[in-house]
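Visitor: okay, predicted coordinates and the sequence, questions at the end:
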Amino acid sequence: MSLIINVLQGVAYTPVTVFVFEKNILLLLYQTNINLMAAEILTREDLAIFKVELFKELREVISSHPAQPRKWLKSYEVKDLLNISSGTLQNMRINGTLAYTKIGGLIFYDYEDIQKLMTATGPHKRS
């Protein structure tokens, strides 16, 4: 069980100094708005509980906001997404199957165009 000492309860304070005692106790010293010090002792157990709570909150945030794909993809991203080679991607550009934009030597593809291409052709099974 952790031992927590709050010298000044209800007073706003910010951490200014951290001391480590032995291997499993962390002491935080706080500076208050009236220049008095408050001490709080944290154990490894406290830090482990904090870690679990932090990861739980991070998982909730990540799951509530699904990753939105970027509007523009580079060639290597399109090749990975479609599982095609550089030559196939070049042929798709040449014959107009896949629209692209070239900016300063880099080729970009619109994600929506790729989605349309994938839904139009449908999945193919290899034999």
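Guide: On my side now, so go ahead.

Visitor: mind listing the helices for this structure?
Guide: Under the criterion DSSP state H, the chain contains helices at 44-64, 75-82, 86-94, 111-121.

Visitor: let's see the second one as CSV, backbone CA atoms only.
Guide: In other words, helix 75-82. Provided in CSV are the C-alpha atoms of helix 75-82 (Å, rounded to 0.1, in the frame of the first residue of the first chain):
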residue,chain,number,x,y,z
SER,A,75,3.4,5.3,-54.8
TYR,A,76,4.8,3.0,-52.1
GLU,A,77,1.6,3.3,-50.1
VAL,A,78,-0.5,2.5,-53.1
LYS,A,79,1.7,-0.5,-54.0
ASP,A,80,1.3,-1.8,-50.4
LEU,A,81,-2.4,-1.2,-50.4
LEU,A,82,-3.1,-2.9,-53.7
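
Visitor: got the contact list for that helix?
Guide: 73, 84-86, 89, 98, 107, 109, 114, 118 (C-beta atoms under 8 Å, 6 or more residues apart in numbering). Heads up, the C-betas are built off the backbone N, CA and C, glycines and all.

Visitor: the same query, at a cut-off of 7 Å, please.
Guide: Counting by C-beta atoms under 7 Å, 6 or more residues apart in numbering, helix 75-82 makes contact with 85-86, 89, 107, 109, 114, all of which sit outside it.

Visitor: going by neighbour count, which of those residues comes out on top?
Guide: Across the contacts of helix 75-82, neighbour numbers were computed from other C-beta atoms under 10 Å; residue 109 holds the maximum, 23 neighbours.

Visitor: now for that one: which residues touch it?
Guide: By C-beta under 7 Å, 6+ apart, the contact list for residue 109 reads 72-73, 78, 98, 100.

Visitor: need those residues in a markdown table (columns: neighbour count, pLDDT and distance to residue 64).
Guide: Listed next are the contacts of residue 109 as a markdown table, based on neighbours: other C-beta atoms under 10 Å; pLDDT from 0 to 100; distance: C-beta to C-beta, whole Å:
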| residue | neighbour count | pLDDT | distance to residue 64 |
| --- | --- | --- | --- |
| 72 | 14 | 89 | 26 |
| 73 | 20 | 91 | 25 |
| 78 | 21 | 91 | 29 |
| 98 | 19 | 91 | 33 |
| 100 | 17 | 93 | 34 |
